[in-house]
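Peer 1: Can you look at this prediction? I've put the sequence above it.
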Amino acid sequence: MVRRVAARADHVRARAVALGLTPAQATALREMTGPMTMRELAERMSCEPSNATFVIDKLEKLGLAERRAHPTDRRAKHLVLTPQGTALRARLLELLAQESPLAELDPGQQRALHDLLERAVLRR
């Protein structure tokens, strides 16, 4: 299992680099499925909000993401992908699906693995 996780990390890293992104930027793009707060993104990325802020700052500079006023909380910002970010996210998802070390697992097994890894990371 450790080899499979390492292979997955290598797979993500290679696809990110191919698109001119860091692995953290690729993870943020992958996890941005819609408008969300920095805290929500940090939870999805399994990192501290300050780390997610650093990643979003870089994605903003690249024109891939932006901060917008939160519709119900004037203290918070919503993170959203720009059209360029949405297009790059779609390309990233395509690349991640190609030759994935997890491809032999069915979707239910992939979800179970994701859930187990997420629990392990959150217990740190």
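Peer 2: Received it, and whenever you're ready, just let me know what you need.
Peer 1: ok, for residue 35, nearest residue in space, not its chain neighbours?
Peer 2: Leaving aside its sequence neighbours, residue 35 sits nearest to residue 78 (CB to CB, 6 or more residues apart in numbering; 4.2 Å). Quick note: C-beta positions are derived from backbone N, CA and C, even for glycine.
Peer 1: Am I right that the one you found is in a helix?
Peer 2: No: Residue 78: not assigned to a helix; according to DSSP: H, G, I helix; E, B strand; the rest coil it is strand.
Peer 1: Tell me how many other residues crowd it.
Peer 2: 18 (other CB atoms under 10 Å).
Peer 1: what pairs with it across the strands?
Peer 2: Judged by DSSP bridges, the bridge partners of residue 78 are residue 68.
Peer 1: which residues does it contact?
Peer 2: 35-37, 67-71 (CB atoms under 8 Å, 6 or more residues apart in numbering).
Peer 1: What of residue 52?
Peer 2: Residues near residue 52 by CB under 8 Å, 6+ apart: 28, 38, 41-42, 45.
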